[in-house]
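> Following is a predicted model, sequence given first.
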Amino acid sequence: MGKKVKKKVAPPPKDVFDPLLIESKTAATVVLMLSSPEEEVLAKACDALYKFASKGDENKVTLLGLGAVEHLYKLISHEDPVVRRNAIMVFGIMASNHDVRKLLRELDVTNSLISQLAPEEDVVIHEFATLCLAHMAVEYTTKVQIFEQGGLEPLIRLLGSPDPDVKKNSAECIYLLVQDFQSRAAVRALNVIPPLLELLKSEYPVIQLLALKTLEVISKDRETRIILGESKGLDCLLKILETNEFSDLHVEALAVLANCLEDVHTLQLIHQTGGLKKLLSFVGVSTVPSIQKNAAKAITRAAYESENRKILNQEEVEKYLINLLEIDNDGVKVAASQAISAMCENLASKCAFGLQGIPQLVQLLSSDNEEVKEAAVTALANLTAASPSNASAVAEAEGIEPLINTLNAQRDGAIANAATVLTNLAMQQPFHVNIQSRGIMSVLEEPLRSTNSQVQSKAAFAVATFGCDADAITELRNAGGLGPLVELLHSKNEEVRRNACWAVMVCASDELTAVELCRLGALDILEEINLSTGCKNNFSEAAVEKLFDNNLPQKYSQMGYLSSSNIITDGFYDCGQIKPGVKFLSLEELSMQEFTDCRAIIFINAKPQEDVLYSFVDFGVFIIKRKDFSYLPPAPKSVLYIVFCVRKGKGKKEEEKSEEVTQITPKIQDEINLENSRWLPPPDFILLDYINDASKTILPLMTTREQVMALAQFVADKMGGPIERDKLHDFSWELHISEIEFELKCNVVPIGKVKKGTFYHRALLFKVIADRIGIGCTLVRGKYNRAWNEVKLADASPQGIAGLLLPPQEYIVDLMFEPGFLIKQGSAEADQYKHI
């Protein structure tokens with residue numbers, strides 16, 4: 001056999017590198033491979049990094065730290081489709097990390113990703129590019145970038161992709177983008193509705209859910225709702241509700257319908273096709289709380305339109321809502337109560353709820369859930385507004401007590417609406433009395449202190465409503481409610497300020513409360529309000545008038561005028577014209593001051609009372625008509641207490657008999673409880689005699705003119721008699737008053753003590769007696785210790801014209817020079833009497 005001939009093999013070219021298989025176990029090495037010029041190396045490196053990043057968030061952070069993102073960014077636009085695909089896959093996985101997304105935004109990667117959504121690209125590229133965009137669309141700045149770079153159009157197109165992952169990622173990205181109103185308008189223009197409705201037929205629940213959530217957001221715009229209706233979208237939604245297999249989508253489908261029901265046109269369309277009845281029937285049979293709650297919310301939103309309320313009422317929506325109040329779920333109860341509130345705008349619905357729903361709502365007032373309580377009382381506020389029958393139903397359901405308790409609720413809305421319901425009930429007298437008897441005025445003290453303007457307004461309005469008698473006003477005063485009420489006068493809120501003025505006006509009808517309100521500064525605040533054209537209101541002006549009319553000492557001190565309707569009663573005092581900015585002191589405070597050479601304070605008290613305390617504190621003497629020493633007033637020093645009794649004899653003056661004298665030390669004084677005491681000045685028995693004498697001698701006179709003239713002479717006789725004009729300066733009334741003050745060791749002087757009185761003493765005494773015997777007159781303060789009384793008298797008919805009634809003329813009564821002489825107002829003599 002011949003030998004085999006060996007063939008010579010040509011050696012490889014010197015510039016060719018033999019294939020080398022490398023096994024790397026570190027991510028850093030693979031990241032370095034991303035810089036390779038070889039496409040195969042790049043593809044395999046990206047594939048390895050994809051698998052590494054898929055294992056967890058820590059691996060993504062590791063790759064971020066190794067600089068992989070920067071290298072991958074260059075590769076997503078690589079000319080080789082495999083390299084490009086694998087690089088985008090890594091991006092899609094890594095973009096779930098917050099720090100990675102931050103770097104991707106800095107690199108402005110969105111434009112490159114959007115360019116990969118072209119129809120000719122591989123479906124895997126579509127999947128991971130949309131995944132990356134969906135991750136990045138969480139941040140607002142990226143949403144703007146995607147919108148501005150035209151990303152919506154390819155995303156909407158990909159909703160029709162045959163790949164479910166592409167559909168899912170595209171739908172999620174669109175859902176995130178349409179949170180911004182610009183994108184909502186853009187997707188509507190790009191006709192997003194049909195592909196979204198098509199997604200509702202998907203076999204994948206997650207895709208259906210994303211489609212519904214996107215529809216819910218974009219259907220907030222009316223134009224989109226119209227397109228949805230025209231695209232048969234409402235039928236699709238109702239079919240979902242009718243299909244038990246789609247129960248996990250019912251809540252979202254209801255949310256979309258809730259938006260659609262806001263439009264009258266859409267609701268009419270659903271109503272005409274029988275869809276509304278199906279919807280309500282679905283709600284009626286459902287036992288899923290989230291569905292029941294969302295259905296009630298849908299009704300609430302629909303009920304904002306009056307035409308919608310009519311349609312809902314025709315479908316008897318009230319019975320569905322009343323049934324929802326019985327569901328053992330707080331969220332459902334809240335939603336049902338809110339729907340009832342909205343439907344109350346329809347009169348027929350309000351009547352229907354009054355017949356059936358009010359007892360259930362009243363029961364909810366006792367709920368431990370504050371949100372339930374607030375929703376229920378809000379519904380009751382709407383139900384009882386301008387509806388006496390519903391108000392009666394609340395009372396019959398025993399709702400008054402829980403309503404008063406709700407004034408102490410934790411939520412401001414509950415408190416405000418509870419006050420509203422109570423004032424609605426108070427329009428009927430029996431309920432007014434019932435509520436007032438339960439101590440509502442003391443309960444209102446805390447709401448008056450609220451910082452919520454709605455609560456403040458409603459609480460003040462409630463005070464104005466229930467403060468219609470002295471007992472109620474006293475209750476508020478004793479509860480400390482006047483202070484916060486006065487503070488509300490400072491409110492910048494017009495409604496709060498108005499209602500506070502109203503409440504002050506009502507409370508000022510009680511004399512003690514009017515004095516306390518003035519002490520708290522209400523008068524000063526109201527006068528300041530009335531100086532502002534923007535702040536004043538009818539109630540602020542009326543409140544000032546009412547405060548003055550029930551606090552005549554302050555009115556006379558500040559205004560220098562009392563009208564004929566301002567009747568001077570016991571406890572009145574004249575402390576002179578008060579200067580602006582000076583605090584007006586009570587008679588008790590004035591009596592507690594040390595004796596000085598200041599102007600005497602003249603007080604009126606002609607009514608001795610059994611078992612009542614009288615005092616001249618700084619006289620060093622207390623005069624007490626009782627034997628019980630457990631009830632004595634405080635004094636700045638040891639004082640002498642004199643106890644006396646009063647005996648009344650027929651036709652005889654009252655006699656005083658000293659019974660007991662004791663010394664009370666300051667230490668014992670401090671232990672005395674005076675919490676409920678009311679200080680009164682000592683009785684002026686001389687003034688009482690004046691009034692009795694005037695009643696006997698002046699009242700029997702036939703005409704008012706004769707009575708006025710006789711009373712003027714009577715007053716002048718008691719105050720030193722007539723004075724000649726040219727000897728007025730010799731009439732030493734100042735010395736006389738000083739002697740009285742020195743005798744009493746006090747600047748507070750009873751008017752009966754004054755025997756030599758000038759103009760203002762005589763005018764005050766005239767007004768006091770005239771008011772007691774029924775003669776109408778004013779009291780006007782002038783300058784330089786002048787004061788005078790004005791009366792209106794009808795003149796006799798002209799001669800020869802019998803029976804002609806002339807209008808009354810105004811006269812000033814001369815009490816000094818020619819007592820009883822009537823000076824015609826406006827005459828030179830009148831001006832001379834006032835000023836000379």
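That came through fine. Numbers count the residues shown, from 1 in each chain.
> Residue 507: neighbour count?
Around residue 507 there are 30 other residues, counting by other C-beta atoms under 10 Å. The way it works is simple: take the backbone N, C-alpha and C, and place the C-beta from them, glycine included.
> do residue 424 as well
23.
> List the first helix or strand encountered after the helix or strand containing it toward the C-terminus.
Take DSSP states H and E as the rule and residue 424 turns out to sit in helix 412-425. Counting by DSSP H and E, the element after helix 412-425 in chain order, helix or strand, is helix 429-437.
> Distance from the chain centre to that next one, please.
24 Å (C-alpha atoms, centre = their mean, to the nearest Å).
> Repeat that for stretch 307-324.
31 Å.
> and it, what's its mean pLDDT?
Taken as a whole, stretch 307-324 has an average pLDDT of 94.
> Ok, stretch 167-177 next?
Average pLDDT, stretch 167-177: 97.
> How about stretch 487-498?
96.
> cool, stretch 80-87 as well?
Computed over stretch 80-87, the average pLDDT equals 93.
> any idea of the mean pLDDT for the helix or strand that contains residue 393?
Here residue 393 sits within helix 388-396, counting by DSSP H and E. What helix 388-396 shows for mean pLDDT is 96.
> Was I right to think residue 163 contacts residue 123?
Yes. Assessed by C-beta atoms under 8 Å, residue 163 is found in contact with residue 123 at 4.9 Å.
> for residue 155, what are its contacts?
117, 130, 133, 170, 173, 174, 177 (C-beta atoms under 8 Å, 6 or more residues apart in numbering).
> Strands along the protein, start to end?
561-562, 573-574, 601-603, 613-616, 621-624, 639-647, 655-664, 748-750, 779-781, 787-788, 790-793, 809-813, 822-824 (DSSP state E).
> what's the domain layout of the protein?
Domain assignment for the chain by the TED database gives 457-550, 587-609+682-834.
> hey, which of the ones you listed is tucked in deepest?
Comparing these by mean neighbour count (mean count of other C-beta atoms under 10 Å), domain 457-550 comes out on top with a mean of 21.
> what separates that one from the chain centre, distance-wise?
Using C-alpha atoms, centre = their mean, the offset of domain 457-550 from its chain centre is 17 Å.
> picking that back up, nearest to residue 374, out of the domains of the chain?
domain 457-550 (13.4 Å; C-beta to C-beta).
> So, low pLDDT: which residues of this protein?
1-24, 609-680, 796-804, 836 (pLDDT under 70).
> and with 80 instead?
Where the chain drops to pLDDT under 80, the residues are 1-25, 608-680, 795-806, 835-836.
> middle-most residue in it, spatially?
The centroid of the chain falls nearest to residue 454 when counting by C-alpha atoms, centre = their mean (1.2 Å).
> count of neighbours near the closest residue to that residue other than its chain neighbours?
Distances taken as C-beta to C-beta, 6 or more residues apart in numbering place residue 416 nearest to residue 454, at 4.5 Å, with adjacent residues excluded. The number of residues packed around residue 416, counting by other C-beta under 10 Å, is 27.
> pretty sure residue 225 contacts residue 263?
Yes. Under the criterion of C-beta under 8 Å, residue 225 makes contact with residue 263 at 5.5 Å.
> Helices of the stretch 151-300 of the chain, start to end?
For the stretch 151-300 of the chain, the helices defined by DSSP state H, counting those that start in this stretch cover 152-158, 164-177, 181-189, 193-199, 205-218, 222-230, 233-242, 250-260, 264-272, 275-285, 289-302.
> actually the stretch 701-836 of the chain, not the one I wrote
704-718, 733-744, 759-773, 828-835.
> And those: which comes nearest residue 459?
helix 759-773 (37.5 Å).
> List the contacts of residue 708.
770, 775, 777, 791, 793, 813, 820, 822.
> Quickly name whichever of those residues is closest to residue 154.
For those, the residue nearest residue 154 by C-beta to C-beta is residue 777; the value is 94.6 Å.
> mind listing what that closest one touches?
564, 708, 766, 767, 770, 771, 789, 790, 791, 813.
> Swap in 7 Å and give it another go.
564, 766, 767, 770, 789, 790, 791 (C-beta atoms under 7 Å, 6 or more residues apart in numbering).
> Looks like the first one contacts residue 775 (just checking).
Spelled out, it's residue 564. No. Checked against C-beta atoms under 7 Å, the pair residue 564 and residue 775 is beyond contact range at 8.9 Å.
> sorry, back to before: can I get the contacts of residue 777 in JSON lines including distance to residue 272?
JSON lines is the format used below for the contacts of residue 777 (distance: C-beta to C-beta, whole Å):
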{"residue": "564", "distance to residue 272": "72"}
{"residue": "766", "distance to residue 272": "84"}
{"residue": "767", "distance to residue 272": "79"}
{"residue": "770", "distance to residue 272": "80"}
{"residue": "789", "distance to residue 272": "81"}
{"residue": "790", "distance to residue 272": "77"}
{"residue": "791", "distance to residue 272": "79"}
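> Next, give me the two most distant ones among those residues.
564 and 766 (12.3 Å).
> Return the distance of residue 819 relative to residue 757.
Going from residue 819 to residue 757 by C-beta to C-beta, to the nearest Å gives 12 Å.
> hang on, the earlier thing: among the helices of the stretch 701-836 of the chain, which comes closest to residue 406?
helix 759-773 (46.9 Å).
> contacting residues around the closest one?
So helix 759-773 is contacted by 562, 567-568, 574, 602, 604, 690-691, 694-695, 698-699, 711-712, 715-716, 718-719, 751, 754, 777, 779, 781, 785-789, 813, 815-816 (C-beta under 7 Å, 6+ apart).
> who touches residue 92 in this structure?
Residues in contact with residue 92, defined by C-beta under 7 Å, 6+ apart, are 128, 131, 132.
> Let's see if you can find the most crowded of the residues you listed.
Top of the contacts of residue 92 by neighbour count (other C-beta under 10 Å): residue 132, with 29 neighbours.
> what's near enough to touch it?
91, 92, 95, 113.
> Please tell me how far it sits from residue 138.
For residue 132 relative to residue 138 (C-beta to C-beta), the value is 12 Å.
> pull the CA atoms of stretch 765-775 into PDB?
Output in PDB follows, covering the C-alpha atoms of stretch 765-775 (Å, rounded to 0.1, in the frame of the first residue of the first chain):
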ATOM      1  CA  LEU A 765     -84.800 114.300  89.500                       C
ATOM      2  CA  PHE A 766     -87.500 115.600  87.100                       C
ATOM      3  CA  LYS A 767     -86.800 112.700  84.700                       C
ATOM      4  CA  VAL A 768     -86.800 110.100  87.500                       C
ATOM      5  CA  ILE A 769     -90.200 111.200  88.900                       C
ATOM      6  CA  ALA A 770     -91.700 111.900  85.500                       C
ATOM      7  CA  ASP A 771     -90.900 108.300  84.400                       C
ATOM      8  CA  ARG A 772     -92.500 106.900  87.600                       C
ATOM      9  CA  ILE A 773     -95.800 108.800  87.200                       C
ATOM     10  CA  GLY A 774     -96.000 108.400  83.400                       C
ATOM     11  CA  ILE A 775     -95.000 111.800  82.000                       C
END
